[in-house]
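>>> missing the sequence, but the structure's below:
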Ligand code: KIV
Ligand code: ZN
């Protein structure tokens, strides 16, 4: 069965870079952009050109460098922003302007001191103006997650008429539940005239830890683009993690959806971004965390040594991790100790293993993790004669 393609819109260099302390210079951004192209993303959101001369330059240089991927620049629904973005993107082979405005009650009232009709007018003006520079114009309805669906549908219809090619439905505050976000996408598909002319896009924030679940609910309800970042970095609790949505679609073929991502580059790309941005990846992070394929409890280790699939749903090689690791701790069992002892050169009989294991437990209760050099010491201290070990 051929699968429907979900476009991956990477915003590591824009929403991701908004994180305090994660600022990158142009050279670093170029290296990451090149890697994202190699990874197989469909769109790189390179920055917010009007925000600073440095960001303008980065977008311009990325636009010159990247040949096979759409390069996108963010704007507000403001003429000057759009002009500056168009200028920064002028060398892009496939330029996209990403413009938009807040559509929720709270944004309309407190940010713009405006009303619904005036917001639609500004949205349409912005899209039409962007369209005078580039063919590919994405519109974002900021805070769509908290925008009433009926009004959101009116906005979407109006901007499609003005030429928007992609409709971004951001859950800007990370408030939605997956069913709610999925229902929003479904509502738009069923109630917006002309919806077939545009791609619906999910842009979910992680304030309640639901960004990935919401993005998946979006695509199972008809969206065909996910906006995400490497390692899920981004404002506050972050954005949808690219590696998570890619692997969810790959590990669940019955969804009938896939991306163009070369998943074997995920681990390496995660490390590169983490290192360049100085943002550590939590060890238990799905897919790319240091512990994502590490097993430390005796029951799990015994299973994994017998057959990896007992406790792993992803082959580590599929995401660029060499192999699963068996970590020795006080919770480890004999199977794990024998396995690691063999790797460092000792083939223990059952009787020898019993003796070495008792010594191992004394060590393990004192240390967080038993390393290879500790195994040599443990074998020396146990009553087992080293010469008798195979
Ligand atoms: O979260 C958001 O609403 C955004 C928009 C600017 C696209 O990042
Ligand atoms: Zn965002």
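Cool, the structure landed. Keep in mind that this is a model prediction, so the values were computed, not measured. Ligands and ions are numbered 1, 2, ... in the order given.
>>> Give me the three-state assignment for residue 29.
Following DSSP: H, G, I helix; E, B strand; the rest coil, the label given to residue 29 is helix.
>>> Strands of the stretch 151-300 of the chain, residue ranges please.
Listed from the start of the chain, the stretch 151-300 of the chain has strands (DSSP state E, counting those that start in this stretch) covering 166-171, 199-204, 225-228, 257-258, 294-295.
>>> in the second one, what's buried?
What that stands for is strand 199-204. 199-204 (16 or more other Cβ atoms under 10 Å). For the C-beta atoms, the positions are set from N, CA and C on the backbone; glycine is no exception.
>>> What helices and strands are in contact with it?
Taking 3 or more Cβ pairs under 8 Å, 6 or more residues apart in numbering; DSSP states H and E as the contact definition, the neighbouring helices and strands of strand 199-204 are strand 7-10, strand 166-171, helix 178-191, helix 211-220, strand 225-228.
>>> Residue 249 is in contact with residue 263, correct?
No: the pair residue 263 and residue 249 does not pass the contact test of Cβ atoms under 8 Å, sitting 10.2 Å apart.
>>> coming back round to it: give me whichever of the helices and strands packed on strand 199-204 is most buried.
For those, the stretch with the most neighbours on average is strand 225-228, a mean of 29; neighbours defined as mean count of other Cβ atoms under 10 Å.
>>> for that strand, what is the average pLDDT?
Across strand 225-228, the average pLDDT comes to 98.
>>> So which residues on the stretch 1-150 of the chain come close to ligand 1?
Counting by Cβ under 6 Å from any ligand atom, the residues of the stretch 1-150 of the chain lying close to ligand 1 are 15, 140, 142.
>>> Buried only: go through those residues for me.
A residue is treated as buried here by neighbour count (16+ other Cβ under 10 Å); on that basis the buried members of those are 15, 140, 142.
>>> Next up, the contacts around the last one.
For residue 142, the contacting residues are 100-104, 107, 170, 172, by Cβ atoms under 8 Å, 6 or more residues apart in numbering.
>>> Mind putting those residues into CSV with pLDDT?
Compiled in CSV, the contacts of residue 142 are given as follows (pLDDT from 0 to 100):
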residue, pLDDT
100, 98
101, 98
102, 98
103, 98
104, 97
107, 97
170, 98
172, 98
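>>> and residue 314, what does it touch?
If you count contacts by Cβ under 8 Å, 6+ apart, then residue 314 has 247, 251, 287, 293 around it.
>>> Mark which of these are buried, thanks.
Under a neighbour-count criterion of 16+ other Cβ under 10 Å, the subset of the contacts of residue 314 counted as buried comprises 247, 287, 293.
>>> tell me which of the residues you listed is nearest to residue 127?
The shortest separation between residue 127 and any of the buried ones among the contacts of residue 314 is 33.9 Å, and it belongs to residue 247 (by Cβ to Cβ).
>>> dump the residue contacts of the closest one.
Residues near residue 247 by Cβ under 8 Å, 6+ apart: 263, 266, 286-287, 314, 318-319.
>>> Tell me where the model's unsure across the stretch 1-150 of the chain.
Regions of the stretch 1-150 of the chain meeting the criterion pLDDT under 70 cover residues 1.
>>> and the residue of it nearest ligand 1?
residue 140 (3.9 Å; Cβ to the nearest ligand atom).
>>> Show the end-to-end separation of stretch 279-293, please.
Start and end residues of stretch 279-293 are separated by 21 Å (Cα to Cα, to the nearest Å).
>>> What mean pLDDT does that stretch get?
Across stretch 279-293, pLDDT averages out at 97.
>>> and what of stretch 180-193?
98.
>>> chain center to that stretch, what's the gap?
24 Å (Cα atoms, centre = their mean, to the nearest Å).
>>> Repeat that for stretch 35-42.
The answer for stretch 35-42 is 13 Å, by Cα atoms, centre = their mean.
>>> For the stretch 151-300 of the chain, list the residues in contact with ligand 1, please.
By Cβ under 6 Å from any ligand atom, the part of the stretch 151-300 of the chain that sits against ligand 1 consists of 168, 170, 172, 203, 205.
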